[in-house]
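Asker: Fold the following for me, if possible:
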Amino acid sequence: MAHAPFLAGLLLGASLIVAIGAQNAFVLRQGLLQAHRFPVALFCALSDAVLIAAGVGGLGIAVGQHPRVLALIACVGALVLIWYGVQALRRAFHPQVLTPDTHGKTSSMWRVIATCAGFTWLNPHVYLDTVLLIGSLASAWPAPLPRTLFAIGAATASFIWFFSLAYGARLLAPLFRKATAWRVLDVLIAVVMWSIAIKLLLSFLTD
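Answerer: Coordinates of the predicted model:
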């Protein structure tokens, strides 16, 4: 069937992206704040699309032959995650900065995008999922059309997920009118970031 590779890519992309992680936690927070939601969602989705295209195009095989590159990215990414975990914990202990209005006014779009870029491009798991895994599985489909449809399906999953997360988060807005809810969210974000950082260091530095 002509649509089979597209659906296969869509389901694979959805299974990989719908998970708790630093990037998703950041997009969720921006969605709750209703600050720069569109550029954040667009940046994340386009980044995935670029990496998926690179993986399907053969970059996955090349990167897989240089594990030291992933190890270096892992170290840098872990440091970034640890730092932003500290920032999230600091927000949790300062209720006055836990309101959408205040945060939205103090964070420029470019600063938010720069933070998002760190979560996206300095996370080795992004490369493992999009470049290596999706890239290798795409080889099961003949080129060029079926394999291209597979890549488009995987990229479509990213667009659907990030825009749904960014704009659907407003449904939780009533819960986050209290500083306590923001405090809990930021503590959870810090825990998620630190746990991912530790996992990255352990998985790559012990190889």
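
Asker: and stretch 179-195, how far out from the chain's middle?
Answerer: Centroid displacement of stretch 179-195 relative to its chain, using CA atoms, centre = their mean, to the nearest Å, is 17 Å.

Asker: ditto for stretch 36-43
Answerer: Distance, stretch centre to chain centre, for stretch 36-43: 12 Å (CA atoms, centre = their mean).

Asker: and what of stretch 135-150?
Answerer: 23 Å.

Asker: Please apply the same query to stretch 134-148.
Answerer: 23 Å.

Asker: buried sites along that stretch?
Answerer: By 16 or more other CB atoms under 10 Å, the buried positions in stretch 134-148 come out as I134, G135, L137, A138, W141, P146, R147, T148. Just so you know, the C-beta spots here come from the backbone N, C-alpha and C atoms, and that holds for glycine as well.

Asker: And stretch 39-51, by the same measure?
Answerer: The neighbour-count criterion (16+ other CB under 10 Å) identifies V40, A41, F43, C44, A45, S47, D48, A49, L51 as the buried residues of stretch 39-51.

Asker: Could the C-alpha coordinates of it be exported in PDB?
Answerer: Output in PDB follows, covering the C-alpha atoms of stretch 39-51 (Å, rounded to 0.1, in the frame of the first residue of the first chain):
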ATOM      1  CA  PRO A  39       8.400  29.500  17.600                       C
ATOM      2  CA  VAL A  40       9.300  26.900  20.200                       C
ATOM      3  CA  ALA A  41       7.100  24.200  18.700                       C
ATOM      4  CA  LEU A  42       8.200  25.100  15.200                       C
ATOM      5  CA  PHE A  43      11.900  25.000  16.200                       C
ATOM      6  CA  CYS A  44      11.600  21.600  17.800                       C
ATOM      7  CA  ALA A  45       9.600  20.100  15.000                       C
ATOM      8  CA  LEU A  46      11.900  21.500  12.300                       C
ATOM      9  CA  SER A  47      15.000  20.300  14.200                       C
ATOM     10  CA  ASP A  48      13.500  16.800  14.300                       C
ATOM     11  CA  ALA A  49      12.700  17.000  10.600                       C
ATOM     12  CA  VAL A  50      16.300  18.000   9.700                       C
ATOM     13  CA  LEU A  51      17.800  15.200  11.800                       C
END
